[in-house]
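Trainee: I would like the atomic coordinates for the input below:
(2 chains)
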2 protein chains.
Amino acid sequence: MKWDACSLARITADQRIRKAVMKLYEQYADEISRNIDQGILRPGDRLPSVREACRSRHLSPATVLQAYRLLEDRGQIYTRARSGYYVSANWKGFPPEPEPSRPPETSTPVNVRDLIFELLETTKSEDFVQFGSAFPAPDLFPFTKLARALHTAACRMNPLGIYESLPPGNPELRRLIARQYVELGCSVPTEEIVITTGALEGLNLCLQAVTRAGDLVAIESPAFYAALVAIERLGLKAVEIATSPREGMNLAALATALDRHSIKACWLMTNFQNPLGCLMPEEKKQELVKLLALHDVPLIEDDVYGELYYDRDRPKPAKAFDHKGLVMHCSSFSKCLAPGYRVGWTAPGRYVKQVEEAKHMTTIATSAPIQAAIVEFLKHFGYKHHLRKLRQELQARQNQMLQAVGQKFPQGTRVTRPAGGYFLWIEMPESVNALEVYRLAMERKITVAPGQIFSPRRKFENCIRLNCGQMWSSPTEAAVTTLGGIVTALA
Amino acid sequence: MKWDACSLARITADQRIRKAVMKLYEQYADEISRNIDQGILRPGDRLPSVREACRSRHLSPATVLQAYRLLEDRGQIYTRARSGYYVSANWKGFPPEPEPSRPPETSTPVNVRDLIFELLETTKSEDFVQFGSAFPAPDLFPFTKLARALHTAACRMNPLGIYESLPPGNPELRRLIARQYVELGCSVPTEEIVITTGALEGLNLCLQAVTRAGDLVAIESPAFYAALVAIERLGLKAVEIATSPREGMNLAALATALDRHSIKACWLMTNFQNPLGCLMPEEKKQELVKLLALHDVPLIEDDVYGELYYDRDRPKPAKAFDHKGLVMHCSSFSKCLAPGYRVGWTAPGRYVKQVEEAKHMTTIATSAPIQAAIVEFLKHFGYKHHLRKLRQELQARQNQMLQAVGQKFPQGTRVTRPAGGYFLWIEMPESVNALEVYRLAMERKITVAPGQIFSPRRKFENCIRLNCGQMWSSPTEAAVTTLGGIVTALA
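Mentor: Here you go, the predicted model:
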């Protein structure tokens, strides 16, 4: 339904009083909000363009934009690149969010490899609907421009450039990454940045730099499965910490664990965690850094989704609050610019020398022309513009997926509402086993990530993670319907 | 001196008798050989072109070519790409080769990181003469063609291609590598091949797949320093095995070590080892595989220099003789096609699953467009032609370096004469300390690799490894003179 701006003009007596103390843009936002509440505007409806609204309401473009941004911040509307503003999924009719996790306080060895590799194998099938994949949907990325950047970079590459690309890595790339930190209000010198073959190499190198076999590592519950495999592979043990689907790791629980156990490192995701999508608030990040510093425990901060925020500003990493060089910040271009190119980096604080040496002695360098291509793209191919489009599109896709899940999944389903990234964490009714869902879905050529792979004890049996960054199309929609049917039948 | 083909025609009575039972090409080769022995032809002299020789000697081109190849095989002459045949360095006047090493039979922890990283740091300086570098000289590689291959590959890449590049890696690249094995008379199925970020990643993954902290690993003496760092980093211990500069590891010594110690893996280079350049003969490779199989010990075979043979055929890897899946063969395109691109592979026998999973969980994939670019080059850019030129040029450079070292280094110097690769191992008079040479050379902007970095006990104090693949120019020649002066002064 194309929606007419004039129909907003219904104001009651109550509202007239409120109006007296409200700014113009707040009034306008309030009107739209009420129309959404009353069902006059429905999920998916397009709002009037800024120009239309200005004309029909006699408002300035700035006022209309401010109103729309306010509504966006509240999650009531969202923008779609080059298309306009749309009403978000119907939050009120939507399933509630899951409760924070409550893992046992004891440490545990990890044993989930087999399950994880079974899933990873299936995510290679091109003809499957990849809700189980951790990769961002490829259609979101500028591969043609990247190929051009690669060609320019490779042609220009001085043959001696291969020496430049050796650890710590391409100096210009490291300078550009340091500049990104500055923009984030985070002071990381170029010298601290080590280029890695994707973030995962950085994370592994950081973990190896600060642990020895048998050590304990604090992780979120649920946690990113690559952290679990790293812990399993290196013979470490996990201490799971209660984690909220909204705000991330519970710091009181972490403090208790730090008191009880001799924890050697903490590995977590501060921004749009995989799989929960939770975003740790800024004050909490500060507190986290302080708490770990008190115990002299290094933080391995995985921040690969940080650029995929739907809000106005990029959330800071915990690294921004580190004064002791204890935060080992890891990120990459794999989720926000160039999937498959395998360029990441780490800023490992006081451990930079160890990490750089370990990099040199395991994979030597990250591919020289690839490093140079990323430099080329960052400088000349509109990186920020690409990011803006990407975020809008991801938010739009999340909205569509949320709406579809709300409609197709059974009563008793809980779903996260992340403010960034491209994952939804779905808690199904207790009787539903995620592995069963996974196997039945596979038969219908749909992948999902079962909750068990995110837990060293194979818990979260009734949870699945869905990749909501897939292009929204009728096969995608049909797949959600199929999935909802499977879950309903099992409930 | 341009040399006249007619001057070969001096035949004595004795020779006339011998001639009766020799083939025509052998006779011609014999004549040239005698002229070299008698000093009529001197090192560096150009032989008549095939056409000139045909005309002046009334021989067929096939006969002349066969004669030249015979002399090449004997090491008396060498070819330079697009230039012709030249007389090799004067072997007879040349320093003798070093003796095999005699390491102690006890195991040892490894502690050489600091030294190694100091050296690695210096090899990044562009204005140094890089005799200490392990990288092949960049001027030997087709970077412009590689850039084109990269562009074509990146443009053509299906966005879903990133899934294809996941471990075990690009299927077409793996098929082409499997075909290389077939050409080598070595049966390795495509399914066994895992693409890695350079050979070093493969080697590290293989070592991790078969060892746990505290285990013993048999290595050559001297050994490639990355093996030492890997052993040090993983908390393993080394058992050094006596190694001949000509034929590699001493198998009797290895057998003794296998009896005495509980060795969990053997890591070595069968072809043109770094740093000795030794080439293990085929029968010895067979015997090595048999011996290790008897003890059920996996062999981590580093074969990155295998393509750089000066002889007519590529030497086989030990992998060719493996029937139990115990040989983990590792190689790459970094030394023979695309330095800095970071594409290698491993064929890890029965450990393929563990290696593939470890790859997936440490660096995920090797860069997708880079994998595709190598496919493109192998198929359409004249890889074999490039290899032929590369080998000829490396042999020519080795000859020049051997000659220069023979002239400039003091009495008592011993030098290896590898039949491939681009390293010379120089044993200086006993009183000379390689670290002193290293530091004095650094002051003159020349790097060398001191013997100590190739030994877990920092032995080989009077040895250095020189990269003889550098472009031969007056600065290179001057650098050898300077180095010879430093060593002479210390002797």
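
Trainee: Phi and psi next, for the most centrally placed residue in chain A.
Mentor: Against the mean C-alpha coordinate of chain A, by Cα atoms, centre = their mean, the closest residue is A:Gly421 at 3.0 Å. Dihedral pair for A:Gly421: phi 80, psi -160, per degrees, to the nearest 10.

Trainee: Please name the nearest non-neighbouring residue to A:Arg51.
Mentor: Spatial nearest neighbour of A:Arg51, excluding adjacent residues (Cβ to Cβ, 6 or more residues apart in numbering or on different chains): A:Pro61 at 7.6 Å. Just so you know, the C-beta spots here come from the backbone N, C-alpha and C atoms, and that holds for glycine as well.

Trainee: still on that earlier bit, wait, the residue nearest to the centre of chain A touches A:Arg397, no?
Mentor: No. With contacts counted by Cβ atoms under 8 Å, A:Gly421 stays clear of A:Arg397, the gap being 11.2 Å.

Trainee: for the stretch 351-491 of chain A, what spans make up the helices?
Mentor: For the stretch 351-491 of chain A, the helices defined by DSSP state H, counting those that start in this stretch occupy A:352-360, A:368-380, A:383-408, A:434-443, A:474-490.

Trainee: Need the residues that contact the second one.
Mentor: Yep, that's helix A:368-380 we're talking about. A:145-146, A:149-150, A:152-154, A:156-157, A:161-162, A:164-165, A:169-170, A:172-173, A:176, A:195, A:333, A:337-338, A:341-343, A:365, A:383, B:146-147, B:150, B:340-342, B:367, B:369-370 (Cβ atoms under 8 Å, 6 or more residues apart in numbering or on different chains).

Trainee: So which of those sit within strands?
Mentor: Using DSSP state E, the subset of the contacts of helix A:368-380 located in strands is A:Ile195.

Trainee: residues near A:Arg388, how many?
Mentor: Neighbours of A:Arg388 under the rule other Cβ atoms under 10 Å in any protein chain shown: 13.

Trainee: A:Trp345 and chain B: what is the separation?
Mentor: Per Cβ to the nearest Cβ, to the nearest Å, A:Trp345 is found 13 Å from chain B.

Trainee: which residues touch that residue?
Mentor: Neighbour list for A:Trp345: A:Gly169, A:Arg174, A:Ile177, A:Ile193, A:Val194, A:Ile195, A:Thr196, A:Ala199, A:Gly202, A:Cys330, A:Ser331, A:Ser332 [criterion: Cβ under 8 Å, 6+ apart].

Trainee: okay if I get these as a markdown table plus pLDDT?
Mentor: What follows is the contacts of A:Trp345, written out as a markdown table (pLDDT from 0 to 100):
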| residue | pLDDT |
| --- | --- |
| A:Gly169 | 96 |
| A:Arg174 | 97 |
| A:Ile177 | 97 |
| A:Ile193 | 98 |
| A:Val194 | 98 |
| A:Ile195 | 98 |
| A:Thr196 | 98 |
| A:Ala199 | 97 |
| A:Gly202 | 97 |
| A:Cys330 | 98 |
| A:Ser331 | 98 |
| A:Ser332 | 98 |
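
Trainee: Who wins on neighbours among those residues?
Mentor: A:Cys330 (31 neighbours).

Trainee: Give me the secondary structure label for it.
Mentor: strand (DSSP: H, G, I helix; E, B strand; the rest coil).

Trainee: Excluding chain neighbours, give the residue nearest to A:Gln395 in space.
Mentor: Leaving aside its chain neighbours, A:Gln395 sits nearest to A:Tyr310 (4.3 Å; criterion: Cβ to Cβ, 6+ apart).

Trainee: Can you get me a residue count around that neighbour?
Mentor: Neighbours of A:Tyr310 using other Cβ under 10 Å come to 21.

Trainee: Now do it against A:Gln392, distance only.
Mentor: Separation of A:Tyr310 from A:Gln392 (Cβ to Cβ, to the nearest Å): 8 Å.

Trainee: Quick check: neighbours shared by those two?
Mentor: With Cβ under 8 Å, 6+ apart, A:Tyr310 and A:Gln392 have common neighbours A:Tyr78.

Trainee: And the pLDDT for the residue nearest to the centre of chain A?
Mentor: Note for A:Gly421: predicted pLDDT of 97.

Trainee: picking up where we left off before, what about the residue nearest to A:Arg51, neighbour count?
Mentor: A:Pro61 - counted by other Cβ under 10 Å - has 11 other residues nearby.

Trainee: circling back: right, so the helices of the stretch 351-491 of chain A: which one is the most enclosed?
Mentor: Comparing the helices of the stretch 351-491 of chain A by mean neighbour count (mean count of other Cβ atoms under 10 Å in any protein chain shown), helix A:368-380 comes out on top with a mean of 24.

Trainee: Centre of the chain to that helix, how far?
Mentor: Remark: helix A:368-380 is offset 24 Å from the chain centroid, using Cα atoms, centre = their mean, to the nearest Å.
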